[in-house]
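A.B. asks: Here is my input, please return the structure:
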Amino acid sequence: MKSEYEEYVDKTICESKGFVRTPKGIYKLTALERVYSKGRLRYGDKRFSEDDRLRAGNRLNHEYEAAHFNVVGISWKNSKIDSRGGADTSSNLTDLRSRYLTAIRHIPREFWPAVRRICIENLLPDFDNIDSARRRYENMYLWYCDLCRGLDRLIEYYTQSKIQP
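C.D. replies: Residues are numbered from 1 along each chain as shown. Below is the predicted model:
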């Protein structure tokens, strides 16, 4: 009897879900990397490139995960940060959280839903509920423009603060 993992998976289905084949093996792209690969990070300010927006989004995601906002419960107090062993992690965690919260304060609230959905939640927007294709493309364009403008504000903050991750 075959298990569900032994069934054949179509290549187009895997590519639509964000899987790519690299020399090191199969890798699943994040939502931000999928947006980048489709060329959707070109819509913002001309001072910044697509690569700058990708780095800023990845840095925001790294700060979010390092700050343990995605951990449920109080077990984050006992976890080790930076492999320091039994060192006091509460000050490190406080610094990481304040760095993340300061960064998101520089993103205007109009752009925050797009940045949060793609960079933090790792989800692409869903436009299937809109009837006409033209309306769907207009909403996609506006969504990605908001994402790029939010990431531009984040780049400005990161270049001004000069705090290394």
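A.B. asks: number of nearby residues for the closest residue to Cys145 other than its chain neighbours?
C.D. replies: Here the nearest residue to Cys145 in space, its sequence neighbours aside, is Tyr43; by Cβ to Cβ, 6 or more residues apart in numbering that works out to 4.6 Å. For every residue, glycine as well, the C-beta is placed using N, CA and C. In terms of burial, Tyr43 registers 18 neighbours under the definition other Cβ atoms under 10 Å.
A.B. asks: tell me the phi and psi of Tyr43?
C.D. replies: Reported as degrees, to the nearest 10, the phi and psi values for Tyr43 are phi -90, psi -10.
A.B. asks: so who does it touch?
C.D. replies: Contacts of Tyr43 were listed using Cβ atoms under 8 Å, 6 or more residues apart in numbering, and they are 141, 144-145, 147-149.
A.B. asks: can you pick the most crowded of these?
C.D. replies: Per-residue neighbour counts (other Cβ under 10 Å) across those peak at Leu147, which has 27 neighbours.
A.B. asks: Contact partners for it?
C.D. replies: Contacts for Leu147 (Cβ under 8 Å, 6+ apart) come out as 35, 40-41, 43, 111, 114-115, 118.
A.B. asks: any idea which of those is closest to Leu101?
C.D. replies: Of all the contacts of Leu147, Val115 has the smallest distance to Leu101: 14.0 Å, by Cβ to Cβ.
A.B. asks: Scan the chain for its longest helix.
C.D. replies: With secondary structure taken from DSSP state H, the chain has its longest helix at helix 133-161.
A.B. asks: what about that helix, average pLDDT?
C.D. replies: Per-residue pLDDT values across helix 133-161 average out to 91.
A.B. asks: now swap in stretch 90-104 and tell me
C.D. replies: Rounded mean pLDDT across stretch 90-104 is 85.
A.B. asks: Show me which residues of that stretch are buried.
C.D. replies: Buried residues in stretch 90-104, counting neighbours by 16 or more other Cβ atoms under 10 Å, are found at 92-93, 96-97, 100, 103-104.
A.B. asks: Same check on stretch 143-163?
C.D. replies: Going by neighbour count (16+ other Cβ under 10 Å), the buried part of stretch 143-163 is 143-144, 146-155, 157-158.
A.B. asks: Can I get it as PDB, trimmed to CA atoms?
C.D. replies: Only the C-alpha atoms of stretch 143-163 are listed here, as PDB (Å, rounded to 0.1, in the frame of the first residue of the first chain):
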ATOM      1  CA  TRP A 143      -0.900  45.700  -3.900                       C
ATOM      2  CA  TYR A 144       2.700  45.300  -5.200                       C
ATOM      3  CA  CYS A 145       3.100  49.100  -5.400                       C
ATOM      4  CA  ASP A 146       2.200  49.400  -1.800                       C
ATOM      5  CA  LEU A 147       4.600  46.600  -0.900                       C
ATOM      6  CA  CYS A 148       7.400  48.300  -2.800                       C
ATOM      7  CA  ARG A 149       6.700  51.700  -1.200                       C
ATOM      8  CA  GLY A 150       6.600  50.100   2.300                       C
ATOM      9  CA  LEU A 151       9.900  48.300   1.600                       C
ATOM     10  CA  ASP A 152      11.300  51.700   0.400                       C
ATOM     11  CA  ARG A 153      10.500  53.200   3.700                       C
ATOM     12  CA  LEU A 154      12.100  50.300   5.500                       C
ATOM     13  CA  ILE A 155      15.300  50.700   3.400                       C
ATOM     14  CA  GLU A 156      15.400  54.400   4.300                       C
ATOM     15  CA  TYR A 157      15.200  53.400   8.000                       C
ATOM     16  CA  TYR A 158      17.800  50.700   7.700                       C
ATOM     17  CA  THR A 159      20.300  53.000   5.900                       C
ATOM     18  CA  GLN A 160      19.800  55.800   8.500                       C
ATOM     19  CA  SER A 161      20.000  53.600  11.600                       C
ATOM     20  CA  LYS A 162      23.200  51.700  10.500                       C
ATOM     21  CA  ILE A 163      22.300  48.800  12.900                       C
END
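A.B. asks: Thank you, goodbye.
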